[in-house]
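Peer 1: Have a look; sequence and predicted model below, questions after that.
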Amino acid sequence: MNPGDSIDIEYVNALPVSKEPPNMTNLHFHGMTVSPNAPADDVLTMMAMPGQRLHYRVAVPRNQEPGLYWYHTHAHGESNWQVESGMSGALVVDGIETHDPAVLGMRERLLVLRDPQNDPDYHTLNAMRRMRAEKRNLPCGPEDGRHVTVNGITNASIAIRPGEQQFFRVVNASADRYFDLRVDGEQIGLVAQDGYAVNTYPGQPSVIDLAHVLVPPAGRAEFIVRGLPHPTSLRSACIDTGPDGDPNPDVTLASLVVDHSAQSNAVDVVRAATGAPISNPYLSTALPPPAAKRNIVFSEDPETNRFYINGRMFSANAPPMVVSRAGTVEEWTIENSTFELHAFHIHQTHFLVESINGAPVRRRQWLDTVNIPYARQTSRTFHPGKVVVLVNFLNPVIKGEFVFHCHLLEHEDGGMMAKILVR
Ligand SMILES: [Cu+2]
């Protein structure tokens, strides 16, 4: 789509009638700065039971940043199995080349990563406890009951000529899995994260060379890969998800095979046209001082698999936990008091990460999903994981009621979600 377009969808829930789970579904337009009110990006009141329909009409603002977004179901209590079973897809807002002309003429690879379950007992408490016990002995051991796919296939291969630069656009559409992406034997050139070019914040370079990039569940990374003269692979290294976390072992996502043809093989898109970057006053001007400072605490009971924000499980009937004013920014300190990773996500907007565990983050970059480190217990003191973010409520299009939550969807389904009202 292009900035200024409208997304019109006739959404049909064709799932069978069921008691448990009830098979209700809907859509969330992840990362888009659009209205949270029906018939747009409303996950609270728009819900289709089996046989029902929803009519979405989402106005994409003219100043929507060009980049990679995604859509997925967002039915509280059923998000995890629906998303891990594939009810999602990528959304591209065209025009990334206006931020980063480096991608002009490159072959593009749109890669959707998923973690479908292959064990029907995967979600039982017993299976979870067994997995946790195994993981304590072998933190990077196999991930029991799930496997990773790229665009639905397990052994993907991507052809790339020696020296050729390609533009990889990767969506982490898994329900609960982190990817620490890298290409063996070389650096990647990061162009965008979570739909926003890395130079969206004034003064930042348009490409950042990195050895690897951590993509939490629901995150996106867009980067340039240069072909080597020998085969290599796109891979995720093992991630330490904490003593109570699920295993996220090393996994090869795709083989990069040497393409000896002189001409490009067929691809969907090679970016050619370029115009002026869109101007977005809510991102490019100096930000006002925070209008409010808040503490958001993620906690859980690993024995019962219940999850909390500020001590409360999500309730559709509860009043909003946070009430904010449109036209402001707020500083939120997000604390992780558990021994596993969580991924903070807020709908309708992006935030800047200011510090992680007290260490200032120098690179100013807009994100919609961020990892929150797990807590550490020393002999005397307990140190929760802590990330300070500056949340952007400047754009009045986001006025309304929406949610923030952990994007490990098993946790969101288990209660780690809360409502916010922006007025
Ligand atoms: Cu979580």
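Peer 2: Arrived safely.
Peer 1: residue contacts, the residue of the stretch 201-350 of the chain found nearest the ion?
Peer 2: Closest contact between the stretch 201-350 of the chain and the ion, by Cβ to the ion, is at residue 342 (3.3 Å). (C-beta placed from N, C-alpha, C; glycine too.) By Cβ atoms under 8 Å, 6 or more residues apart in numbering, the contact set of residue 342 is 298, 336, 371, 372, 406, 408, 411, 416.
Peer 1: give me the element the third one is part of.
Peer 2: For residue 371, the enclosing helix or strand under DSSP states H and E is strand 369-372.
Peer 1: quick one, helices of the chain?
Peer 2: Counting by DSSP state H, the segments of the chain that form helices are 79-84, 125-137, 281-284, 409-413.
Peer 1: most tightly surrounded among these?
Peer 2: Of all the helices of the chain, helix 409-413 has the most neighbours on average by mean count of other Cβ atoms under 10 Å, namely a mean of 26.
Peer 1: List the contacts of residue 56.
Peer 2: 7, 8, 9, 11, 27, 39, 40, 46.
Peer 1: One more pass at 6 Å, please.
Peer 2: 9, 39 (Cβ atoms under 6 Å, 6 or more residues apart in numbering).
Peer 1: The one 4 residues further on now?
Peer 2: Listed by Cβ under 6 Å, 6+ apart, the contact partners of residue 60 are 1, 5.
Peer 1: For it, report the pLDDT, please.
Peer 2: As predicted, residue 60 sits at a pLDDT of 96.
Peer 1: which stretch among the helices of the chain comes nearest residue 255?
Peer 2: helix 79-84 (24.2 Å; Cβ to Cβ).
Peer 1: to the chain's geometric centre, what's the distance from the closest one?
Peer 2: Computed by Cα atoms, centre = their mean, to the nearest Å, the chain-centroid distance of helix 79-84 equals 14 Å.
Peer 1: quick one: contacts of that helix?
Peer 2: Applying Cβ under 6 Å, 6+ apart, the contact partners of helix 79-84 are 72, 73, 115, 116, 117, 175, 409, 410, 412, 413.
Peer 1: Is it positioned near the ion?
Peer 2: No - Helix 79-84 does not reach the ion (Cβ under 5 Å from the ion); its nearest approach is 11.0 Å.
Peer 1: and that helix, average pLDDT?
Peer 2: Mean per-residue pLDDT for helix 79-84: 93.
Peer 1: Kindly present the contacts of helix 79-84 as TSV, with separate columns for pLDDT.
Peer 2: Output for these, formatted as TSV (pLDDT from 0 to 100):
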residue	pLDDT
72	98
73	98
115	91
116	89
117	82
175	94
409	96
410	93
412	97
413	95
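Peer 1: Spatially, which two of these are the most separated?
Peer 2: Maximum pairwise distance in the contacts of helix 79-84, criterion Cβ to Cβ, is 18.1 Å, between 116 and 412.
Peer 1: Report the separation between the closest residue to residue 307 other than its chain neighbours and residue 314.
Peer 2: Of all residues not flanking residue 307 in the chain, residue 416 sits nearest, at 3.7 Å (Cβ to Cβ, 6 or more residues apart in numbering). With distances taken as Cβ to Cβ, to the nearest Å, residue 416 is found 7 Å from residue 314.
Peer 1: Find residues that contact each of those two.
Peer 2: Common neighbours of residue 416 and residue 314 (Cβ under 6 Å, 6+ apart) do not exist.
Peer 1: Have a look at these two and say which one is more surrounded.
Peer 2: residue 416 (27 against 21; other Cβ atoms under 10 Å).
Peer 1: Test my guess that that one contacts residue 406.
Peer 2: Yes - using Cβ atoms under 6 Å, residue 416 is in contact with residue 406, at 4.1 Å.
Peer 1: what does stretch 363-370 rub up against?
Peer 2: So stretch 363-370 is in contact with 31, 194, 196, 198, 200-201, 216, 218-219, 343-345, 350, 352-353, 387, 407, going by Cβ under 6 Å, 6+ apart.
Peer 1: neighbours around residue 143, how many?
Peer 2: For residue 143, the neighbour count with other Cβ under 10 Å is 17.
Peer 1: for it, what are its contacts?
Peer 2: Residue 143 is in contact with 247, 249, counting by Cβ under 6 Å, 6+ apart.
Peer 1: Model confidence for it, exactly?
Peer 2: Residue 143 is assigned a predicted lDDT (pLDDT) of 73.
Peer 1: measure it to the ion for me?
Peer 2: 17 Å (Cβ to the ion, to the nearest Å).
Peer 1: Equivalent analysis for residue 41, please.
Peer 2: Taken as Cβ to the ion, the span from residue 41 to the ion is 22 Å.
Peer 1: likewise residue 112?
Peer 2: 22 Å.
Peer 1: Repeat that for residue 368.
Peer 2: From residue 368 to the ion the distance is 16 Å (Cβ to the ion).
Peer 1: ok, residue 357 - how many residues close by?
Peer 2: By other Cβ under 10 Å, 14 other residues sit near residue 357.
Peer 1: One more: residue 295?
Peer 2: Per other Cβ under 10 Å, the neighbour tally for residue 295 reads 10.
Peer 1: how much space between the residue nearest to residue 307 and the ion?
Peer 2: With Cβ to the ion as the criterion, residue 416 and the ion are 5 Å apart.
Peer 1: Not counting residues beside it along the chain, what's closest to the closest residue to the ion within the stretch 1-150 of the chain?
Peer 2: The ion sits closest to residue 80 of the stretch 1-150 of the chain, with a gap of 11.0 Å, by Cβ to the ion. Nearest residue to residue 80 in three dimensions, chain neighbours excluded: residue 409, at 4.0 Å (Cβ to Cβ, 6+ apart).
Peer 1: I'd assumed residue 175 was in contact with the one you found.
Peer 2: Yes - Residue 409 lies in contact with residue 175 (Cβ under 6 Å); the separation is 4.4 Å.
Peer 1: Near the ion, which residues of the chain? Just list them.
Peer 2: The chain comes close to the ion at residues 342, 406, 408, 411, as judged by Cβ under 5 Å from the ion.
Peer 1: Turn those into a markdown table, including pLDDT.
Peer 2: Listed next are those as a markdown table, based on pLDDT from 0 to 100:
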| residue | pLDDT |
| --- | --- |
| 342 | 98 |
| 406 | 98 |
| 408 | 97 |
| 411 | 96 |
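Peer 1: For the nearest residue in space to residue 118 that is not next to it in sequence, the count of nearby residues, please.
Peer 2: Nearest residue to residue 118, sequence neighbours excluded (Cβ to Cβ, 6+ apart): residue 147, at 5.9 Å. Residue 147 has 14 neighbouring residues, counting by other Cβ under 10 Å.
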